[in-house]
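Undergrad: Any chance you could fold what I've pasted below:
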Amino acid sequence: MPGERPGSSAWQFASVLAAERCQWRCAGCGYPEDLEVHHKLPLCFGGTSEPDNLVLLCRICHDKEHRSKRSEKMRFDPCQKHLIRDD
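TA: A predicted model of the protein is given here:
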């Protein structure tokens, strides 16, 4: 499952486990609709699709997460095409 991409059955299973852990609410604000699964540590930075690396976020919180400075010192470039590590 480490490199599983959205759409696979392993991804769907891990997503449901993450959603159940979050009680089908956004982990950021508690909103129960427009939910999306988010990789806490992106695959391109060595993250996995294991349930412990997944969190459920509403669309607004998910957008904020991708636009804000991350605690792992990662951010998206202005075009939102790739991640940049600020070392």
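Undergrad: Residue 56 versus residue 33, what's the distance?
TA: 11 Å (C-beta to C-beta, to the nearest Å). C-beta: built from backbone N, CA, C; applies to glycine.
Undergrad: Those two: which has the busier surroundings?
TA: residue 56 (23 against 9; other C-beta atoms under 10 Å).
Undergrad: Tell me how far residue 10 lies from residue 61.
TA: 25 Å.
Undergrad: mind checking the SS state of residue 36?
TA: Under DSSP: H, G, I helix; E, B strand; the rest coil, the three-state class of residue 36 is strand.
Undergrad: mind listing what it touches?
TA: For residue 36, the contacting residues are 56-59, 62, by C-beta atoms under 8 Å, 6 or more residues apart in numbering.
Undergrad: Out of those, which end up buried?
TA: 56-58, 62 (16 or more other C-beta atoms under 10 Å).
Undergrad: any idea which residue sits dead centre in the chain?
TA: What sits nearest the mean C-alpha location of the chain, by C-alpha atoms, centre = their mean, is residue 38, with 1.4 Å.
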